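> quick check, what structure comes out for this input:
(2 chains)
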Amino acid sequence: MEDREILDLYFARNEDAIRETDHKYGHYCFTVAWNILFDNEDSQECVNDTWNQTWQLIPPQRPSKLQYFLAKITRGFALNCLRTKTREKRGGGEYEAALGELEAVLSSGDDPAASFAAKDLAETINRFLKKVKDRDRNVFVRRYFYMESAAKIAKRYGLSESNVNVILNRVRTQLKEYLQKEGYL
Amino acid sequence: MKLSEAVLESLNDIDPVYLEKSEKEYGWVHRYRKAGAILFSAAAAFLLYVAVTPKPTTYDTGGAVNEAASQEMKEGAAYDSYSSIEADSGEAPMEEAREAERQVYVITLQDRNGETLSAESLQNVCDMLKEAGYEVMVDEEGRLEGTLSEAELQACLEMIPYPYQVEKQ
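Numbers count the residues shown, from 1 in each chain, chains lettered A, B, ... in the order given. The predicted structure is shown next:
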């Protein structure tokens, strides 16, 4: 079923909307959650939460790209779930690895409790990504949005794993310089 | 919250266009596989065709059903000679037909900004197509030149990850 038809079901408050969304994007959203949580049960719960949240958001919202709208919701739930889990026990698969990579570059040595205006930072990162070369940005997005492993990204784009790591290293360095310029570091 | 965590969090507000683009990139890699699968299927179909198509024999020549051929069959050695000529003349036109359908195409590539593709990238594309078995080369004006059939051209274009223009020479 086309996204437009699924959205029409949401607007008609027809519960088939959730069934069709699950049918079309269930596996995709599960993967988004699983890459962060590495846990089947928690990932499935995030996907279910995503359907509930989507039901509440549409309408009034009518996303132009339903797939990425869902991905963001799932990712948000997965990160929340991870935070809860992390309080109990450290270890969240690719998330921890990705976080470690960024920490190595972005650690300022300042007060770690310093808060950042999330929206401003998001806009800054969007501006930064606009400047990055297409291929490098795609690799960065697969790693730090989708939390995919370097091996998986390499396979996806037909690159070697070391090539992916070089690209990630380069983009992280560029990000650091950009954030320094913007006053975050 | 540490900056690194904040960065990971804030990626949730990433422009969906970037998410879409990261999927699309998969598309052209996928097309390589798809093109490979198509080529493999085509090769398998051709081999099957060759395997099941009978070679010209006494029966294929029509000799068994007309008097003239019957006469030749009676002539023994004369028939063998005739049969082998038939077999040869059956293969040659097919090969000629395949050659005849090949034409020279010139493919001009651009990078994603619409600029002329660098010599290195052009050579990479050329090497990739050559490895895939296509008869292509980089000409003096920095374009790809290939002697290809229509189907081969389409398969090549599927593999090229850049905007292109095609001219038939």
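
> give me phi/psi at the spatially most central residue of chain A?
Nearest to the geometric centre of chain A sits A:F145, at 3.1 Å (Cα atoms, centre = their mean). The phi/psi pair for A:F145 (degrees, to the nearest 10) reads phi -90, psi -50.

> now A:D8
phi -60, psi -40.

> can you dump the C-alpha atoms of the worst-scoring helix or strand of chain A on mean pLDDT in CSV for me?
Ranked by mean pLDDT, DSSP states H and E, the weakest helix or strand in chain A is helix A:94-106, scoring a mean of 76. Extracted in CSV, the C-alpha atoms of helix A:94-106 (Å, rounded to 0.1, in the frame of the first residue of the first chain):
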residue,chain,number,x,y,z
GLU,A,94,26.2,-0.2,18.7
TYR,A,95,24.9,2.8,20.6
GLU,A,96,27.6,2.5,23.2
ALA,A,97,30.2,2.0,20.5
ALA,A,98,29.0,5.0,18.5
LEU,A,99,28.8,7.2,21.6
GLY,A,100,32.4,6.2,22.5
GLU,A,101,33.6,7.2,19.1
LEU,A,102,32.0,10.6,19.4
GLU,A,103,33.2,11.1,22.9
ALA,A,104,36.8,10.5,21.9
VAL,A,105,36.6,13.5,19.6
LEU,A,106,34.0,15.8,21.2
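
> hmm, that helix touching chain B?
Yes: looking at helix A:94-106 against chain B by Cβ under 8 Å from any Cβ of the partner chain, the contacts come from A:Y95, A:A98, A:L99, A:L102, A:E103, A:V105, A:L106. In this view, the C-beta of every residue, glycine as well, is placed from N, C-alpha and C.

> show me where chain B has strands.
Listed from the start of the chain, chain B has strands (DSSP state E) covering B:103-109, B:136-138, B:144-148, B:164-168.

> buried ones in the last one?
Within strand B:164-168, the residues that count as buried by 16 or more other Cβ atoms under 10 Å in any protein chain shown are B:Y164.

> what's the mean pLDDT across it?
For strand B:164-168, the mean pLDDT works out to 85.

> by how many degrees do it and strand B:144-148 diverge?
Strand B:164-168 runs at 50 degrees relative to strand B:144-148, counting by axes from the mean of the first three to the mean of the last three Cα atoms, to 10 degrees.

> what angle sits between strand B:164-168 and strand B:103-109?
Strand B:164-168 runs at 160 degrees relative to strand B:103-109, counting by the same axes, to 10 degrees.

> elements contacting strand B:164-168?
Packing partners of strand B:164-168 (3 or more Cβ pairs under 8 Å, 6 or more residues apart in numbering or on different chains; DSSP states H and E): strand B:103-109, helix B:150-159.

> these: which one's closest to chain A?
helix B:150-159 (11.5 Å; Cβ to the nearest Cβ).

> helices or strands up against that closest one?
Counting contacts by 3+ Cβ pairs under 8 Å, 6+ apart, helix B:150-159 packs against helix B:16-52, strand B:103-109, helix B:119-131, strand B:144-148, strand B:164-168.

> beyond the least confident helix or strand of chain A, next helix or strand please.
Scanning forward in sequence from helix A:94-106 by DSSP states H and E, the next helix or strand is helix A:118-131.

> contacts for the helix or strand following that next one next, please.
Going down the chain from helix A:118-131, the next helix or strand is helix A:134-144, by DSSP H and E. Here helix A:134-144 makes contact (Cβ atoms under 8 Å, 6 or more residues apart in numbering or on different chains) with A:98, A:102, A:129, A:132, A:148, A:150, A:152-153, A:156-157, A:159, A:164, A:167-168, A:170-171, B:7-8, B:11, B:14, B:18-19, B:21-22, B:25, B:112.

> which residue packs closest to B:A155, ignoring adjacent ones?
Nearest non-adjacent residue to B:A155, counting by Cβ to Cβ, 6 or more residues apart in numbering or on different chains: B:A35, 5.5 Å away.
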